[in-house]
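Engineer: Mind folding the following:
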Amino acid sequence: MSFKFRIVNTAIMSIFLSLFMTFYVTWINLGFTEQFINLWFKAWLMAFPAAFIGVLLLAPMVQKLTLRLLAYENKSSPCR
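Structural biologist: Residues are numbered from 1 along each chain as shown. Prediction:
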């Protein structure tokens with residue numbers, strides 16, 4: 001996987017994840033108020049950089065863990 005692919009993939013994943021999570025948490029905390037969009041956007045602006053760095057740093061570890069879990073599952077599974 002190229003570095004360029006990893007950066008673009010990380011950016012897309014973190015944008016969608018942070019948009020969804022900040023929307024949900026803002027809605028849970030405040031409901032749909034007049035200022036919902038402004039507050040949601042403000043929350044997203046603060047969450048996106050953290051999500052980007054988090055995905056960039058954690059994705060390789062999560063991928064390795066997933067490979068290990070699935071390899072273990074396939075070896076122990078009676079259905080092949």
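
Engineer: any idea how far Phe23 lies from Ala43?
Structural biologist: 9 Å (CB to CB, to the nearest Å). For glycine as for every other residue, the C-beta is placed from the backbone atoms N, C-alpha and C.

Engineer: for Thr33, helix, strand, or coil?
Structural biologist: Secondary structure, DSSP: H, G, I helix; E, B strand; the rest coil: Thr33 is coil.

Engineer: And the pLDDT at the most centrally placed residue in the chain?
Structural biologist: The residue lying closest to the centre of the chain (CA atoms, centre = their mean) is Leu17, at 4.3 Å. Predicted confidence (pLDDT) for Leu17: 94.

Engineer: What sits closest to it if chain neighbours are left out?
Structural biologist: In this structure, Leu17 finds its nearest non-sequential neighbour in Ala51, 5.6 Å apart by CB to CB, 6 or more residues apart in numbering.

Engineer: what's the burial count for that neighbour?
Structural biologist: 21 (other CB atoms under 10 Å).

Engineer: Now do the same for it: helix, strand or coil?
Structural biologist: Assignment for Ala51 (three-state DSSP): helix.
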